[in-house]
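J.: Provided below are the primary sequence and the corresponding predicted coordinates.
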Amino acid sequence: MDVTGRPIVITGGGTGIGAATARACAAAGMPVFLAGRREAPLVQTRDDILAGGGRAEVLQTDVTDTAHALQLLEAATNAFGPPWAVFSNAGRGLDRPAHRTTDEEMRSIFEVNFFASQALLGEAARRMVEDGAGGHLLACASCVSKFAPPYHGAYAATKAAQDLYCQAMRLELAPAGIHVSTVHPITTTTDFFDVSADVSGRSGGRSGIDHTPRLFRQSAERVAAAVLRCLRRPVAEVWTSRVVRLTAALRTLRPSIVDRQMRGMLDHRRLRGDDRSEADPD
Ligand SMILES: NC(=O)c1ccc[n+]([C@@H]2O[C@H](COP(=O)([O-])OP(=O)(O)OC[C@H]3O[C@@H](n4cnc5c(N)ncnc54)[C@H](OP(=O)(O)O)[C@@H]3O)[C@@H](O)[C@H]2O)c1
């Protein structure tokens, strides 16, 4: 599919996977509308795109505000016309043992990763159905939407919820010519792990990237290229690692094998003095 001139909205578009995807989409000729809370990274990404001859606009917004979906889609429509694609990418992690996750932390991470995403994709879907012109909705889930690593249970739960919600949407919206895709990155070298550590009260602690073998780390640009391929040629799920995708399939067939692999991650943390299973969260 030729994506030239087809507008896309990207939340969390100022940094990491969102910014890399914005640059890739703009280079492919798509007008990009970026959203996030901090002005500086949004403006930086927009200015890079404009300097490269692309089209970009930004809106500073917190996706957990109940009005955000309407405001964002209205602003994007005013800038470039009705969005043809919406990439719900804003999200964050939480590095915390499941039994140490407080009720407040759990609700807070679901607000960003699930409820905000569901509100945006739901509103975008209603508009696309009404317009009758089709479109493409994408959610940045994670490989951990299919299996939970230690200390990331709350995060994995939000991504599994997002994944399942999108699975149903995909079936329901196909007759209207609307594609729905989930993106399942593996460990990606962005600010994500520093944010997870900060939110967990572990600022200054080891980055989660340290605990991931090099083979399972990738760049945001690699994810962005896969997202762009999916926009051109829609698929249900975007994966950037065959090995991890196989692990996800194995998790259903033989959970004990994947549990053994995951326990290896725990051992690695213990060896590096970063076992927080009984640490005081604060
Ligand atoms: N990095 C990984 O290893 C990895 C792996 C799998 C999936 N993912 C997913 O990929 C997505 C992007 O993460 P990333 O790796 O690119 O990390 P990142 O650079 O930290 O990006 C997260 C983005 O979300 C925005 N954001 C967070 N909370 C927001 C809120 N309440 N309202 C508006 N925007 C908000 C942030 O901007 P502001 O702070 O300015 O608002 C930031 O631009 C996330 O959904 C994450 O779960 C990441």
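T.: Cool, the structure landed.

J.: surely Q44 meets A22?
T.: No. Proximity of Q44 to A22 does not meet the contact threshold set by C-beta atoms under 8 Å, at 10.9 Å. Heads up, the C-betas are built off the backbone N, CA and C, glycines and all.

J.: for stretch 125-141, measure first residue to last.
T.: 18 Å (C-alpha to C-alpha, to the nearest Å).

J.: next, the buried residues of that stretch.
T.: Residues 125, 127-129, 135-141 are the ones in stretch 125-141 that count as buried (16 or more other C-beta atoms under 10 Å).

J.: can you give me the strands in the stretch 51-200 of the chain?
T.: Under the criterion DSSP state E, counting those that start in this stretch, strands of the stretch 51-200 of the chain are mapped to 56-60, 85-88, 135-140, 178-184, 187-188.

J.: check contacts around A154.
T.: Counting by C-beta atoms under 8 Å, 6 or more residues apart in numbering, A154 makes contact with 94, 96, 98, 101, 105-106, 109.

J.: can you pull the pLDDT of whatever residue of the stretch 51-200 of the chain ends up closest to the ligand?
T.: With C-beta to the nearest ligand atom as the measure, G91 is the residue of the stretch 51-200 of the chain nearest to the ligand, at 2.4 Å. pLDDT recorded at G91 is 98.

J.: what's the neighbour count on it?
T.: Residues near G91, counting by other C-beta atoms under 10 Å, number 27.

J.: now it, what are its backbone angles?
T.: phi -180, psi 170 (degrees, to the nearest 10).

J.: against A148, how distant is it?
T.: G91 is 16 Å from A148, where distance means C-beta to C-beta, to the nearest Å.

J.: residues from this structure in reach of the ligand?
T.: Contact residues (C-beta under 6 Å from any ligand atom) of the chain with the ligand: 11-12, 14-18, 36-38, 41, 62-64, 89-92, 112, 140, 142, 185, 187-188, 190-192, 195, 220.

J.: which residues touch whichever strand or helix holds L250?
T.: Following DSSP states H and E, one finds L250 within helix 242-253. For helix 242-253, the surrounding residues in contact (C-beta under 8 Å, 6+ apart) are 143, 146-147, 184, 186, 215-216, 239, 257-258, 261.

J.: got the residues you listed as JSON lines, with pLDDT columns?
T.: What follows is these, written out as JSON lines (pLDDT from 0 to 100):
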{"residue": "C143", "pLDDT": "96"}
{"residue": "K146", "pLDDT": "97"}
{"residue": "F147", "pLDDT": "94"}
{"residue": "H184", "pLDDT": "98"}
{"residue": "I186", "pLDDT": "96"}
{"residue": "L215", "pLDDT": "79"}
{"residue": "F216", "pLDDT": "82"}
{"residue": "W239", "pLDDT": "98"}
{"residue": "I257", "pLDDT": "91"}
{"residue": "V258", "pLDDT": "90"}
{"residue": "Q261", "pLDDT": "85"}
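
J.: tell me the one of those residues nearest A116?
T.: In terms of C-beta to C-beta, no member of the contacts of helix 242-253 lies closer to A116 than H184, at 19.1 Å.

J.: am I right that that closest one is in contact with K146?
T.: Yes. Counting by C-beta under 8 Å, K146 is a contact partner of H184 at 7.3 Å.

J.: which residues does V9 contact?
T.: Counting by C-beta under 8 Å, 6+ apart, V9 makes contact with 32-33, 35, 72-73, 76, 83, 85-87, 124.

J.: can you rerun that using 7 Å?
T.: By C-beta atoms under 7 Å, 6 or more residues apart in numbering, the contact list for V9 reads 33, 72-73, 76, 83, 86-87.

J.: how about the residues you listed in TSV, adding neighbour count and pLDDT?
T.: Formatted as TSV, those follow (neighbours: other C-beta atoms under 10 Å; pLDDT from 0 to 100):
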residue	neighbour count	pLDDT
F33	28	98
L72	24	98
L73	20	98
A76	25	98
P83	27	98
V86	29	98
F87	30	98
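
J.: show me which pair in these is furthest apart.
T.: Within the contacts of V9, two members stand farthest from each other by C-beta to C-beta: L73 and F87, at 12.9 Å.
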